[in-house]
Structure formats: structure tokens, C-alpha cells
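**Student:** generate a structure from the sequence data that follows.
(one chain, ligands or ions: 1)
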Amino acid sequence: MATPPAAAPHIAIVYLQPNEEVAGRWTVLRKLGEGGFGAVYMVKDNTTGNEYALKSERTVEITRVLKMEVYVLAALKKAKATHFCDLIDSGHIKDYNFMVMSLVGSTLHDLRKKPLESSKQKFSLGTALSVGIKCVEAIEELHNIGFLHRDLKPGNFATDKKDVRKIVMFDFGMARRYVDSKGGVRKPRWAAGFRGTLRYAPISCHISRELCRKDDLETWLYQQIEITRGLLPWRHLEDKDEVGRFKEKCRAEENHKELFAGCPREYIDIMSYLDTVRYYDTPDYRRLSEAMKQAITAHNLQEYPYDWEKPEWQKLSVLP
Ligand SMILES: Nc1ncnc2c1ncn2[C@@H]1O[C@H](COP(=O)(O)OP(=O)(O)OP(=O)(O)O)[C@@H](O)[C@H]1O
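**Tutor:** Numbering: from 1, shown residues only. Have a look, this model is predicted:
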């Protein structure tokens, strides 16, 4: 399901076979997925029998995405962040680098495809709002360790394998440090290439502007609208400029309906607020969560159980 990021270079995937042993500790069980930057396998710890995910990348790749991912996950672990995979091991073997992390369950992308109302591809409002709050918490935790994600999308958030109410952010292949060694915000570059996924990219990305913390939140809002109403109005467009213009157009009050139909009015407030946040500003994450909680109360909604915990939904779905 992984959508290759728009700017992904061609990568030679590391192919590992079932039963192959890695670093004397891990046995490959099966491939879990393949993305723009490498392959991910389910592996077993030879000593404990516990299962994990192993991500691999050839050492010849000039992009060296895995090193960044290991760094980010290690920093998150040190900060005791709660919405991420646990980094278990990392290393280098033969001609590839690898890292081992805890397993995630289904992604929001996959879960959205299996709703109760199967033609609508959306979550119930209570689930959508509650999940949205957890995604904001994850974004804040990542920003707190000095990194932007820059490729948030429903395919990069998942439930925890063991706790279906826990939301985990993963895939830091596009992450970028936005703070300097003294803890200040780095100066923006004059121009930055397109990063991320067209559908969810913030407007700054369309105009080659350096991304900042607010941009991860703008992306989150597009994702939030999609899981709430089942679609984004520019979903069929493929031209970068056309999608950028569409996103701009939806800022005007007379076009709000096109983007926000079926969403709580708090989403419009959130967009208006985010549009005021500048490059160096620390966004008010709490304001977003409070607005979402306000929507839960105003609509008299229950957060739990999540849609995927409901018996009717489980009958429909094939969870991994
Ligand atoms: N911790 C994990 N547990 C289970 N599956 C995982 C885990 N990490 C990644 N995967 C699977 O591997 C796929 C690719 O992983 P990931 O998105 O991290 O790689 P990528 O090469 O950066 O992909 P993309 O091109 O989507 O950015 C995911 O879509 C998911 O199916």
C-alpha cells in the first residue's frame, strides 16, 4: 500500500528470504511491505521468539534514509515519547543496514478502506476525532525532539499491534531536523524541493518553500478531513500546481463547503488558525486538541470503542 513519495529516487531493495538469519539474532519470517526507500520484513527474535519489524537499506544508497530513521527513533525513545515504534536493534551486515522495531498493526489508510459503510471510506466521527487528537500528540512529540516528518499521511499512522487504541506514527525517511545545535530554529533555505505526497502536502510544499512545524499540522488537517468525510476534493488531480491552487482556493469562505462538507466546524477554525502560524512559531498543539475535544462534546460523541473494535466491523475486515 505504500505510496512512493513524489521525489523518491530509485532504490535497490534488499531481498531477504524466509528463514534467513540476520546478525545472528533475527530470523526472517515474511515481507511486510515495500516502500520508496526499502523493504520491511517480519522477523523473530531467536532468543525470545518475539516478533518485530526489520527495515533494510543497501549501504550503497546515497540517500542513507535508514540512518536518519534510527537516529529519530532513538531520540524519541530517549524522550519517552509514546506514539512511536520501539527501536530494538540496528546495525550493518553484508551490503545493507538494518533496524529492528516493534510491529505496528493496520495503518489508517488500510482501516479507512474497511469501514462499516464500505462505500464511504471514512471513520465514524467519534473515532475520527479521537484518532486525530492522538495524531496531533504524535506530531508534537516528534517536533519536541527537533524533527519535522514532512510526509505524514494515513499510510504513516497505524494502530499499535498489541493495543488497537494506541496510534503510532512511523516512516521517518523524509524527516528533517528543524533546530540547530543551539536549539534555535534553523534558517529557511531559499528554495526547497517537493517533499511528501501530493494529496496531503502543505501549500508551502507546492511553492517550494522550506517546511516548518505548522506544515506537518496542515498535512494532518488534510488527513483529518479525509478520514472524517471519506475524501479530499483534489483526490483525482495529479498536477502539483493544480492541487496547490485547489488547496489555496479552499481557504476562501465561499469554498469552505467544498473541503469541509460533513466535517465539524472546528476544522475550519483549525485551518484558519494554522494559516496564521509563521515559520519560526511554535504551533499551539493544545488549541488543536481542545478544538477536537470540543467537537466530541458538541456532537455528544463517544471516542470508544474505535470502529475497528466493533463486532460488525471485525466481521468485515481482515486484520493483519
Ligand atoms: N513497524 C512496522 N510494523 C509493521 N509493518 C511495517 C512497519 N514499518 C513498516 N511497515 C510496513 O512496511 C511498509 C513500508 O514501510 P515504510 O513506510 O516505513 O517504508 P518507506 O520505504 O519509507 O515507505 P514509503 O514509500 O511509504 O514512504 C509500510 O507501508 C508497512 O506496510
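**Student:** who in the stretch 51-200 of the chain is up against the ligand?
**Tutor:** 53, 85, 101, 103-104, 155, 170-171, 173 (Cβ under 6 Å from any ligand atom). (Each C-beta comes from the backbone N, C-alpha and C, glycine too.)
**Student:** filter those down to the ones in strands?
**Tutor:** When DSSP state E is applied, these are split such that 53, 101, 104 fall in strands.
**Student:** need phi/psi at Cys148.
**Tutor:** Careful, residue 148 is Leu; it's not Cys. Note on Leu148: its backbone torsions stand at phi -100, psi 150 [degrees, to the nearest 10].
**Student:** and for it, the neighbour number?
**Tutor:** Around Leu148 sit 24 other residues, with neighbours defined as other Cβ atoms under 10 Å.
**Student:** ok, it touching Arg213?
**Tutor:** Yes - counting by Cβ atoms under 8 Å, Leu148 touches Arg213, with 6.5 Å between them.
**Student:** now do the buried residues in the host helix or strand of His143.
**Tutor:** Here His143, judged by DSSP states H and E, is contained in helix 125-144. Within helix 125-144, the residues that count as buried by 16 or more other Cβ atoms under 10 Å are 125-143.
**Student:** where does the prediction get shaky in the stretch 1-150 of the chain?
**Tutor:** Across the stretch 1-150 of the chain, the ranges flagged by pLDDT under 70 are 1-11, 37, 61-63, 115-119.
**Student:** where exactly do the strands run in it?
**Tutor:** Using DSSP state E, counting those that start in this stretch, the strands of the stretch 1-150 of the chain run over 21-22, 26-35, 38-45, 51-58, 87-93, 96-101, 104-107, 147-148.
**Student:** how deep is the residue of the chain found nearest the ligand tucked in, by neighbour count?
**Tutor:** The ligand sits closest to Gly35 of the chain, with a gap of 1.8 Å, by Cβ to the nearest ligand atom. For Gly35, the count of nearby residues is 21 (other Cβ under 10 Å).
**Student:** so what sits opposite it in the bridge?
**Tutor:** Counting by DSSP bridges, Gly35 forms beta bridges with Gly38.
**Student:** tell me who's in contact with the residue nearest to Asp180 when sequence neighbours are not counted.
**Tutor:** Of all residues not flanking Asp180 in the chain, Arg186 sits nearest, at 5.1 Å (Cβ to Cβ, 6 or more residues apart in numbering). If you count contacts by Cβ atoms under 8 Å, 6 or more residues apart in numbering, Arg186 has them with 177-180.
**Student:** what values do phi and psi take at Cys212?
**Tutor:** Backbone torsions for Cys212, taken as degrees, to the nearest 10, come to phi -140, psi -180.
**Student:** I meant Leu217, not that one.
**Tutor:** phi -80, psi -30.
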